[in-house]
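Asker: I would like to see how this sequence folds:
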Amino acid sequence: MFLELTPRTPAGAHLCALAGELAGEFAANAAAHDRDASYPHEGVAALREAGYFAAPIPAEFGGLGVDSVFDLIVASSILARGDASVAIGLDPVREPDELGVSQDLGPAIQVELV
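Answerer: Predicted structure coming up:
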């Protein structure tokens, strides 16, 4: 059974829409990076330029204001549809405890992970 995860907050919905746009761009180069065992530098640069790395930073400090860990995970899963290596590379960037974002991983994500 496939369960489509959806963001829970408006900021998360914005981030997921951004992730969808970026995933479309990443998909064009994903197979070549896999074949050549190359690093997707242009994907990381696109994330930076789009402000994706600032997702969990409060808006008043210049970020996107995503305070839901669940929404960050949903956005990462959307990015992975374009290029999984780019999405996997985000994991070390975002440590929720270090960033102080809420730990709202509810039943929906638990079902998806089991």
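Asker: So for the chain, the centremost residue is which one?
Answerer: residue 76 (2.7 Å; CA atoms, centre = their mean).
Asker: Helices of the protein, start to end?
Answerer: In order along the chain, the chain carries the following helices (DSSP state H): 10-36, 41-50, 69-82, 84-90, 96-99, 107-113.
Asker: Out of these, which is the most enclosed?
Answerer: Greatest average neighbour count among the helices of the chain goes to helix 69-82 (a mean of 22), per mean count of other CB atoms under 10 Å. C-beta: built from backbone N, CA, C; applies to glycine.
Asker: Just the pLDDT for residue 27.
Answerer: If you check residue 27, the pLDDT there is 95.
Asker: Now do stretch 20-31: everything it contacts.
Answerer: 40, 42-43, 46-47, 50, 52, 78-86 (CB atoms under 8 Å, 6 or more residues apart in numbering).
Asker: repeat that for 7 Å
Answerer: 40, 42-43, 46-47, 50, 52, 78-79, 81-83, 86 (CB atoms under 7 Å, 6 or more residues apart in numbering).
Asker: Compile those into TSV and extend it with columns for pLDDT and distance to residue 5.
Answerer: Shown next, in TSV, are these (pLDDT from 0 to 100; distance: CB to CB, whole Å):
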residue	pLDDT	distance to residue 5
40	90	23
42	92	27
43	92	22
46	94	23
47	93	20
50	94	21
52	93	18
78	95	9
79	94	13
81	94	12
82	95	16
83	94	19
86	88	18
